[in-house]
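Got a predicted structure here, sequence first:
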Protein chains: 2
Amino acid sequence: MTVENTQTRRAELLAIAAGLFAEKGFKNTTVRDIADASGILSGSLYHHFDSKESMVDEILSTFQEELFAAYDAVLAGDDDARTKIERAVRLSFEAIDRHRHEVAIFQNDADHLGKFERFGYLAERNRQSREVWMTLLTEGVESGALRPDLDVELTYRFIRDTVWVAVRWYRPGGKLTHRDIADQYLTILLDGIAHA
Amino acid sequence: MTVENTQTRRAELLAIAAGLFAEKGFKNTTVRDIADASGILSGSLYHHFDSKESMVDEILSTFQEELFAAYDAVLAGDDDARTKIERAVRLSFEAIDRHRHEVAIFQNDADHLGKFERFGYLAERNRQSREVWMTLLTEGVESGALRPDLDVELTYRFIRDTVWVAVRWYRPGGKLTHRDIADQYLTILLDGIAHA
DNA sequence: GTCCCAACCAAACAATTGCTTGGTAGGCTA
DNA sequence: TAGCCTACCAAGCAATTGTTTGGTTGGGAC
C-alpha cells in the first residue's frame, strides 16, 4: 500500500467521522459508530488516530484554517465596505455548502469542546471572527453605507447566527444553491423585508 | 411534608435538571450530575421521575404548550400583518428571556430527541411554528406590507434561526433587555441595515 | 403511640464507553 | 526469499452510564 493510499484512507476515515459527528454530535458518536461505518473494528481506528478527540481536532482545525484564510482575503481586498460585507456573507454560505459537516460540528460542539485546553484555538477563532465582522460593519457605518444608528455588536451577532445556523437546513443539491440563499439573505439584511 | 412541598421539590429538581441540560446538553448530562447539583444521590431521582427522558419530556412539553398558546393569541388577534409579525418576534425574545433553559434545550437537543416516538410532538410543534410564520408572512406580502418578491419560506427560516439562536448569547440582566433586542432586530429585519 | 408515606440512602446491576494489547495478513522492497 | 510495514482483527480493560432494589428517616394523621 502506497503513501498515497495511506493518506487517502486516513482522509476517508476522517470524512466518515465528520459525517457522524455532524449528524449525532461529538459526544454522542462512539468510536464503534465510526468503525462500523468504516467497515473495521473500533480498535483499528487507533492505528490511524491517537484518540477520538484528535479526530475532531484535525477536522475542525483544518477547516478553520481554510475559512479564515478566506476571510483575510476579503479584509485585505480594496472593495468598499458594502461589497466586503457581501463577499463575507457569500463566502460563509459557500463554506456551508462545501464543508457542511465541519460547520455543523463547530456549531453544535464548539462550546463544549472549547472548555478543554486542546481546543483553545476555537475560542481564539471566535474572537477573530468577531474582529472581522466588527471591522466590516464599523467601516460600513463610518463610510455612510450603513445606517448610522446601527448597534454594530448586535448586528454582528444577528448576521453570524443567521448565516451559520443555516447549516441545519441547507442541503446541497436542493432547490436553492448557496448563491441563491446568499442573494436572498443579503437583500433582506441590507434592505429589509418591508415594502419600500 | 405537605403536598405543596412535594410539588415544590419536584419543580425544583426539574429546574436544576433544565439548567444542566441547557448548559451541557441532554445526553451529556448524567443523572449523577443532576443528583449532585440537587444534593441527593442519583438513585433518589427515581423516586420523583421515571427516567432521565421523562424529565426532559416534562420540561419541553410544558414549555411548548405555553409558547404556542401565546402564538395562537397573536394569530387570533385583529392587528394588521406587520403588527402581528412584530408581536410574534417580541413574544419569541420574551420567551428566551423567561425560559432560556427550555429554549436552549429545544435548540440543542430537539433534533436528536425527535427521533424517538415519545418526542414526536416536537416535530409536530415545528410544523405548527412554520404554519404560524408562513401565514403571517404570506399575509404580509398579500397585504402589501412586505415586499412582493420575498421568498416566504426562506424568510421564515431566517427569522426563526436568528430569533431562537439568540438564546446562545442573550443573558437576562445584561446591558440589553429582550425588548431592546427585539426592537433592534425588527428594525433590521423590516428596513435593513443599509443607509436609506 | 401507631401507622403511613414522601424523600432519601447505600449498594449494586448490566450495558456502554474510549482505549490497549498482542497478534496476523499481505503487499512492497531489497 | 527474507524482512518490513501498513492496516487490520480479537479480546479485553477500567471507567462511566441509566436504572433497580431494599432499607432508613422523619414529619403528619388518626
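Noted; the coordinates are in hand.

Return the residues in contact with residue A:78.
Applying CB atoms under 8 Å, 6 or more residues apart in numbering or on different chains, we find residue A:78 in contact with no residue. Glycine gets a C-beta too; all of them are placed from N, C-alpha and C.

How far away from the center of its chain is the strand or helix carrying residue A:74?
Assigned by DSSP states H and E, residue A:74 belongs to helix A:52-76. Distance of helix A:52-76 from its chain centroid, counting by CA atoms, centre = their mean, to the nearest Å, is 8 Å.

could you say what helices and strands the helix or strand following that helix packs with?
The helix or strand immediately downstream of helix A:52-76 is helix A:81-98, counting by DSSP H and E. Contacts defined by 3 or more CB pairs under 8 Å, 6 or more residues apart in numbering or on different chains; DSSP states H and E place helix A:81-98 against helix A:52-76, helix A:120-142, helix A:152-165, helix A:178-191.

Can you tell me which of the ones you listed is nearest to residue A:109?
Residue A:109 lies closest to helix A:52-76 among those, at 7.3 Å (CB to CB).

and the angle from that closest one to helix A:120-142?
Angle of helix A:52-76 versus helix A:120-142, following axes from the mean of the first three to the mean of the last three CA atoms, to 10 degrees, is 20 degrees.

Pull the residues that contact helix A:52-76.
With CB under 8 Å, 6+ apart as the test, helix A:52-76 has contacts from A:13-14, A:17-18, A:21, A:26, A:31, A:34, A:49, A:84, A:87-88, A:91, A:95, A:99, A:101-103, A:105-106, A:109-110, A:113, A:116, A:118-119, A:121-122, A:125, A:128-129, A:132, A:135-136.

Just the element for the residue nearest the centre of chain A, please.
By CA atoms, centre = their mean, chain A has its centre lying nearest to residue A:103, at 3.6 Å. In the assignment (DSSP H and E), residue A:103 maps to helix A:100-113.

Compute the inter-axis angle for that helix and helix A:152-165.
130 degrees.

how about the nearest residue to the residue nearest to the centre of chain A, chain neighbours excluded?
residue A:167 (4.5 Å; CB to CB, 6 or more residues apart in numbering or on different chains).

how close does the one you found sit to chain B?
In this view, residue A:167 and chain B are 10 Å apart by CB to the nearest CB, to the nearest Å.

With residue A:100 instead?
Going from residue A:100 to chain B by CB to the nearest CB gives 15 Å.

what's the closest non-adjacent residue to that residue?
residue A:167 (5.5 Å).

The one you found against residue A:105, yeah?
No. Here residue A:167 lies out of contact with residue A:105, judged by CB atoms under 8 Å, at a distance of 9.7 Å.

between these two, which one's more packed in?
Per other CB atoms under 10 Å in any protein chain shown, whichever of residue A:167 and residue A:105 has more neighbours is residue A:105, with 27 against 23.
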